[in-house]
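Student: Let's see this in three dimensions:
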Amino acid sequence: MILTLLLVLLVIGSINVYASEKQKIDVHYFGTEGCSNCMKVESFLDEFVKANRFKFHNDSFSGFEIHFYQASNKTDYKTHLSYSTHYNLEDSQKTEVPAIFVGDKYLIGEKDIINNFESVMFNYLHSIEEYQKPDIPILSDEEVAELEQDRFENFRLLGVFTAGFLDGFNPCAVAMLLFFITFLTSLKKKNKEILIVGLSFILGTFFCYFIIGLGLFRFTYIFAHAKPVLLTLYSIVVLLSIIIAIQNVREYSSIKKGDFSQIKLQLPKKIKHTIHRIIRNKSMSKALYITAFGMGIVISVLEFACTGQVYLPTIMYILSAGTSMASAYAYLFIYNLAFIIPLATICIVIYSGKEVMEVSHVFIKKMHYIKLSTAIFFFTIAGIMLYQIYAIL
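Tutor: Residues are numbered from 1 along each chain as shown. Okay, the predicted model is just below:
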């Protein structure tokens, strides 16, 4: 009896040792919320799991496991960079999603994953290629910071910068700044004081738009996995982009003919009068620099009905590209930095001795180029967002 029990225990022990020698194929998937291509890949992976969950149990493997990471999460973002660095990906691919790392292979982008993932897995399963579990060292915060410095040299950066720069020439923003500076000039303020107050006003504008952008990001991420909501948002952005583009084409044509009465992308008269009243009432304050910063915030909120026409599509463009939250914040910063460049330039030009009316005349003279550039940009945004809708469907 005792001998039989010992034999049973020995057999069970041998089975456990044998089982422990078998390994799982670990698949590491990286995506982000709100990325339509990521949604498509995740659905593809779910189907793969359902169809093949038992096929990988054999003499070599005890199955496979897909580890899902959200690159919008700070910890997972660092893990993503660690894998990308270990696999020696090019800088342009290091944070691209969706991405899969398995064994010594990596697949980047929706098409690459859907076309090749199954063959990679079955090559490992049938020992055509030997599977080896990689040992990935996780990067330190300092190493991640170094990699971040060169991360934005791609089309998305150019697109976001262009959107912000064009929005900075928005008649709403420029007109309010010129009115503000004109009013300060009428108060006999010196050029240096006008420059500092103007830059303080612009800094308030930057701060306000950045905070609004953060709010839009968070709102969009909340609904990132709700496909109907995402489709609705994308559709609104497509419609808004096409409307803005067509209106800019019309305004370009009218301005070329010398007719400025057709400019529709501007603030309603009531809001303009409200802003003018705020400027007149608050510009007499002794703490003028602090007041100018606060006015920049208040006026930006009122102006958002005008400048937000460009801002919202840009926000959705950034998110649809599948960027991490850290990357999205960086893009948002770049957008708003580009937005204030034209405004800051106007302040500096006036400080250097140019009259407000002279600057205004130059701006009006070149406005048709701005309108045409804006139209081209938003037709491009509409095309990109239509592709994202197609990818979700």
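Student: Could you use CA atoms for every contact and neighbour count after this?
Tutor: Fine.
Student: where along this protein do the helices fall?
Tutor: Per DSSP state H, the chain carries helices over the ranges 2-21, 36-52, 74-86, 110-125, 141-148, 155-168, 171-186, 191-222, 227-256, 269-282, 288-320, 325-351, 356-392.
Student: pLDDT averaged over the first one - what is it?
Tutor: In this model, helix 2-21 has an average pLDDT of 48.
Student: I'd like the average pLDDT over stretch 204-215.
Tutor: The average pLDDT for stretch 204-215 rounds to 85.
Student: With stretch 313-322 instead?
Tutor: For stretch 313-322, mean pLDDT is 69.
Student: And stretch 62-82, by the same measure?
Tutor: Averaging pLDDT residue by residue across stretch 62-82 gives 86.
Student: Check what contacts it and list those residues.
Tutor: Residues from elsewhere that reach stretch 62-82 (C-alpha atoms under 8 Å, 6 or more residues apart in numbering): 19, 22-33, 53-57, 94-95, 136-139, 144, 323-326.
Student: Now that we have those residues, which of them are buried?
Tutor: The neighbour count (16 or more other C-alpha atoms under 10 Å) marks 23, 25-33, 56-57, 94-95, 138-139, 144, 323-325 as buried among those.
Student: Pop out the phi and psi values for residue 109.
Tutor: Main-chain torsions, residue 109, degrees, to the nearest 10: phi 90, psi 160.
Student: burial of the nearest residue to it once chain neighbours are set aside, as a residue count?
Tutor: Closest residue in space to residue 109, ignoring its immediate chain neighbours: residue 98 at 5.2 Å, by C-alpha to C-alpha, 6 or more residues apart in numbering. Using other C-alpha atoms under 10 Å, residue 98 has 28 neighbouring residues.
Student: Tell me who's in contact with residue 381.
Tutor: Going by C-alpha under 8 Å, 6+ apart, residue 381 touches 238, 241, 313, 317.
Student: same thing but at 10 Å, please
Tutor: Applying C-alpha atoms under 10 Å, 6 or more residues apart in numbering to residue 381 gives the contacts 159, 163, 237-238, 241-242, 245, 313-314, 316-317, 375, 387.
Student: got a list of what the residue nearest to residue 109 touches?
Tutor: 29-32, 35-42, 70-71, 107-113, 322-323.
Student: Now the buried members of these.
Tutor: With burial judged by 16+ other C-alpha under 10 Å, the buried subset of the contacts of residue 98 is 29-32, 35-42, 70-71, 107-110, 113, 322-323.
Student: Show me what residue 62 is bridged to.
Tutor: residue 57 (DSSP bridges).
Student: If you drop the residues flanking it in sequence, what lies closest to residue 318?
Tutor: Leaving aside its chain neighbours, residue 318 sits nearest to residue 328 (6.5 Å; criterion: C-alpha to C-alpha, 6+ apart).
Student: Next: residue 202.
Tutor: Going by C-alpha to C-alpha, 6+ apart, residue 202 has residue 296 as its nearest residue, at 6.2 Å.
Student: what about that neighbour, distance to residue 205?
Tutor: Distance check for residue 296 against residue 205: by C-alpha to C-alpha, to the nearest Å, it reads 5 Å.
Student: and what of residue 103?
Tutor: Counting by C-alpha to C-alpha, the gap from residue 103 to residue 205 is 49 Å.
Student: ok, now residue 53?
Tutor: According to C-alpha to C-alpha, residue 53 and residue 205 sit 54 Å apart.
Student: one step back: what's the burial count for the residue nearest to residue 202?
Tutor: 26.
Student: Tell me which of the buried ones among the contacts of stretch 62-82 fall in strands.
Tutor: Within these, residues falling in strands by DSSP state E are 23, 25-31.
Student: which one in the residues you listed is the model shakiest on?
Tutor: The lowest pLDDT within these belongs to residue 23, with 80.
Student: Quickly list what it is bridged to.
Tutor: Counting by DSSP bridges, residue 23 forms beta bridges with residue 61.
Student: Would you check that residue 157 makes contact with residue 335?
Tutor: Yes: counting by C-alpha atoms under 10 Å, residue 157 touches residue 335, with 8.9 Å between them.
Student: For those two, indicate the residue with more neighbours.
Tutor: With neighbours defined as other C-alpha under 10 Å, residue 157 and residue 335 compare such that residue 335 has more, 30 against 17.
Student: What is the burial count for the closest residue to that one other than its chain neighbours?
Tutor: Spatial nearest neighbour of residue 335, chain neighbours left out: residue 164 (4.5 Å); criterion: C-alpha to C-alpha, 6+ apart. Neighbour count of residue 164, defined by other C-alpha under 10 Å: 26.
Student: doesn't residue 332 make contact with residue 164?
Tutor: Yes: using C-alpha under 10 Å, residue 164 is in contact with residue 332, at 9.2 Å.
Student: what about dumping the CA coordinates of stretch 191-200 to PDB?
Tutor: Only the C-alpha atoms of stretch 191-200 are listed here, as PDB (Å, rounded to 0.1, in the frame of the first residue of the first chain):
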ATOM      1  CA  ASN A 191       6.300 100.800 -25.800                       C
ATOM      2  CA  LYS A 192       8.200  98.600 -23.200                       C
ATOM      3  CA  GLU A 193       5.100  98.600 -21.000                       C
ATOM      4  CA  ILE A 194       2.900  97.700 -23.900                       C
ATOM      5  CA  LEU A 195       5.200  94.800 -24.800                       C
ATOM      6  CA  ILE A 196       5.200  93.400 -21.300                       C
ATOM      7  CA  VAL A 197       1.400  93.800 -20.800                       C
ATOM      8  CA  GLY A 198       0.800  92.400 -24.300                       C
ATOM      9  CA  LEU A 199       2.900  89.300 -23.600                       C
ATOM     10  CA  SER A 200       1.200  88.900 -20.200                       C
END
